Each structure stands twice: as C-alpha cells, then as structure tokens.
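*Asks:* Quick one, what's the 3D model for this:
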Amino acid sequence: MSYIKKMIENESIEDTLMYLSLKKSYQTIDLLYVQYRFEAIAEGILLNTYMKLFQERKLIQNGKKVIKGPNWEEPDFIKINKYNID
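*Replies:* Presented below is the predicted three-dimensional model:
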C-alpha cells in the first residue's frame, strides 16, 4: 500500500485518478485521500477532478466498473514505472 501513499502525495490528482479509478471504487479512493491528502477532499478537488475525467471521456462507467475512455492517457508515472507497479 505504500506505493499508493507515495502516488497520492506526489502525483497530480488527475493522473492518480486515471490509474486508481480502474482498480478501486471512488469510495475507496476517497478514503485514501482522506488519509494521505485531506486538502483535496476538503476543497472538493478530488470529486471535481473525478467528474471532469468522465466529462472529458478519459474514464467511462461500464456497469459497476470504471474503464478507460477513448481519451484516456497513461500517466507518466506508469510509463516510467516510477512506483514499480506490476
């Protein structure tokens, strides 16, 4: 779980959501931000960014899961495997 903490603390909210939303529910992501970067919750930035990703079709709701949309872009930290994520 430590790579998620580092990711939340060091990466942009948009990039982090582009990765985490494919793996975890919004409720789980929200709880992680409460723990590691509360100001994003308190200022409403996390939810606004999440909704913007759907409006821009970077993420799409497919039944109960979130999938990559046609405008999804791989975050740089994934491209360079910054956190050794498999």
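
*Asks:* how about Leu22, phi and psi?
*Replies:* Leu22 adopts backbone torsions of phi -80, psi -10, taken as degrees, to the nearest 10.

*Asks:* Does it touch Glu74 like I think?
*Replies:* No. Leu22 is beyond contact range of Glu74, at 10.8 Å (criterion: CB atoms under 8 Å). Every C-beta, even on glycine, is put in place using the N, C-alpha and C of the backbone.

*Asks:* OK, contacts around the spatially most central residue of the chain?
*Replies:* Nearest to the geometric centre of the chain sits Leu17, at 1.2 Å (CA atoms, centre = their mean). By CB atoms under 8 Å, 6 or more residues apart in numbering, the contact list for Leu17 reads Ile29, Leu46, Thr49, Tyr50, Leu53, Leu59.

*Asks:* can you name the two of the residues you listed that are farthest apart?
*Replies:* The span of the contacts of Leu17, defined through CB to CB, is set by Leu46 and Leu59 at 13.6 Å.

*Asks:* And Gln61, how far from Tyr33?
*Replies:* Look at Gln61 and Tyr33: by CB to CB, to the nearest Å, they are 20 Å apart.

*Asks:* Who has more neighbours out of those two?
*Replies:* Per other CB atoms under 10 Å, whichever of Gln61 and Tyr33 has more neighbours is Tyr33, with 22 against 10.

*Asks:* Where does that one sit: helix, strand or coil?
*Replies:* What DSSP: H, G, I helix; E, B strand; the rest coil gives for Tyr33 is helix.

*Asks:* Surely it touches Ile41?
*Replies:* Yes. Using CB under 8 Å, Tyr33 is in contact with Ile41, at 5.3 Å.
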